[in-house]
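Asker: generate a structure from the sequence data that follows.
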Amino acid sequence: MDRLLRAPFQPLTYSRWLHLCVPVLVVAVWMFIAPEAPWVPALIIAPFGLIPWIRTAEGLQAQFLLTPYDRGSGDGAISTVASKRWGDRWRTVLWLEIRLVVALAAMFATVWAPVLTVELLTLSWGYPVQGDAALPLLPPRWLAVVLVPLPLVLLIVAVFLLGELITSVATRLLGPSAAERLSVLEERTEQLLERTRIARELHDTIGHALTVAVVQAGAARAAGDPEFTDRALGAIEETGRAALEDLDRVLAVLRESGPRPSERPTLAEAHRLLDSTRASGAEVDAELTGPLESLPGPVTREAYRILQEALTNVLRHCGPVPVRVRVEVAGGRLEMEVTNPLPGGGQGVSGSGGGSGLRGIRQRAALLGGTADSGPHEGRWRVRARLPLEHIR
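Answerer: Prediction:
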């Protein structure tokens, strides 16, 4: 009841009224052609519902006039996708027929309510009604004065109820099908995965650069050697520049105007990470074997980030300690291993083995069907990843 009382003051009431009146134009044109067969428009519009893009046109119009609050949302109650299956086409046909019937009811209310109001005003002024009266019974003058606003009130009620009815029908017949809902869910999943990937990119890139900078700055201050300080500043500058380049790549993806994901760093550029780690004062014993340049794109890009995160964890938790890196392509898979001395107390790089960095390594490996593990091994801390190369493009 509260919605009905507020209906005359809501713009939505009049936009729905306009939607109800649009099909009347088809009927009005036909009435000039063959007024003796008013049922023909219902036959004419039926085949149009089988045209795929008609559903898009009807959906856009219904969304704009019936449910404007849903406009622009990816999960609106009314779909604007063209018909892809025969079920959607037949639903569109049914929608066109029901819309025409409801529109005729709205036209009747829109035409007769003003006519009745005029007749009641005429009677209330004391004049007789000329011609055939629309009123079934002519009331006395005093009653006509009381009844003058009634047709307009009934018109608003009729428009409100018919608007609610046509909106309910639209959400059922023009609403997204099960296949469309599945497509929306898949798109949202892709977006969430992309956001997760971007978060990992930022964590790995910026985390590595900041860790190198912190280690270099601390070592330079402790050494008190101008020559060492110059080398440390140079390493910080180079690492920061590389981090800015990676950051530009990630931000370009967010702006949807940047390079393709294939332009992200690959394992063939592992020397950047090894040089950056050496510049931090760590002794790096690296052994990279196999055709790294010919690795599949997803594998080589994720492997670069795994190696970056493993080296970042070493610097962050252990400082510039001797690090051994082994990367090998053999047996249809890529094996990576990064080992370093255990930090004080015999704890792992991240204490209990958790942390977002090591968790990110495991997630990257799992997405490619591989495995990754970390923990103490033969008196050292080891991060190991195995990525399959088969069935990867």
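Asker: sec struct for Val27, please.
Answerer: Look at Val27: counting by DSSP: H, G, I helix; E, B strand; the rest coil, its state is helix.
Asker: just to check, it is in contact with Ala42?
Answerer: No: if you go by Cβ atoms under 8 Å, Val27 and Ala42 don't touch, sitting 9.3 Å apart. C-beta here means a position set from N, CA and C on the backbone, and glycine is covered the same way.
Asker: which neighbours do these two share?
Answerer: Common contact partners of Val27 and Ala42 (Cβ atoms under 8 Å, 6 or more residues apart in numbering): Leu100.
Asker: Val329: which element?
Answerer: strand 323-330 (DSSP states H and E).
Asker: any idea how far that strand is from the chain center?
Answerer: Distance of strand 323-330 from the chain centroid (Cα atoms, centre = their mean, to the nearest Å) equals 39 Å.
Asker: now do the buried residues in that strand.
Answerer: Residues Val323, Val325, Val327, Val329 are the ones in strand 323-330 that count as buried (16 or more other Cβ atoms under 10 Å).
Asker: what's the answer for stretch 16-30, then?
Answerer: Of all the residues in stretch 16-30, those buried under the rule 16+ other Cβ under 10 Å are Arg16, Trp17, His19, Leu20, Pro23, Val24, Val27, Trp30.
Asker: how long is it from one end to the other?
Answerer: Across stretch 16-30, the terminal residues are separated by 23 Å (Cα to Cα, to the nearest Å).
Asker: hmm, who's touching it?
Answerer: With Cβ under 8 Å, 6+ apart, stretch 16-30 has contacts from 38, 40-41, 44-45, 61-62, 65-66, 99-100, 102-104, 106-107, 110, 159, 162-163, 166-167.
Asker: tell me the mean pLDDT over it?
Answerer: If you average the pLDDT over stretch 16-30, you get 84.
Asker: adjust the sequence numbering to begin at 51 for everything that follows.
Answerer: Understood, numbering begins at 51; the last thing we discussed is stretch 66-80.
Asker: now name the helix or strand holding Ala183.
Answerer: Using DSSP H and E, no helix or strand contains Ala183.
Asker: now do the same contact list for it.
Answerer: Listed by Cβ under 8 Å, 6+ apart, the contact set of Ala183 reads Glu169.
Asker: and it, backbone torsions?
Answerer: phi -80, psi 140 (degrees, to the nearest 10).
Asker: distance of it from Leu297?
Answerer: Noted for Ala183: a distance of 79 Å to Leu297, by Cβ to Cβ, to the nearest Å.
Asker: equivalent analysis for Arg56, please.
Answerer: 51 Å.
Asker: looking at those two, which has the bigger crowd around it?
Answerer: Relative neighbour count places Leu297 above the other of Arg56 and Leu297, with 15 against 11, counting by other Cβ atoms under 10 Å.
Asker: SS state for that one?
Answerer: helix.
Asker: who's in contact with the helix or strand containing Ala220?
Answerer: Using DSSP H and E, Ala220 sits within helix 200-223. Outside helix 200-223, the residues that touch it by Cβ under 8 Å, 6+ apart are 53-54, 57-58, 62-63, 66-67, 69-70, 112, 116-117, 127-128, 141-142, 144-145, 148-149, 152, 155-156, 159-160, 162-164, 166-167, 170.
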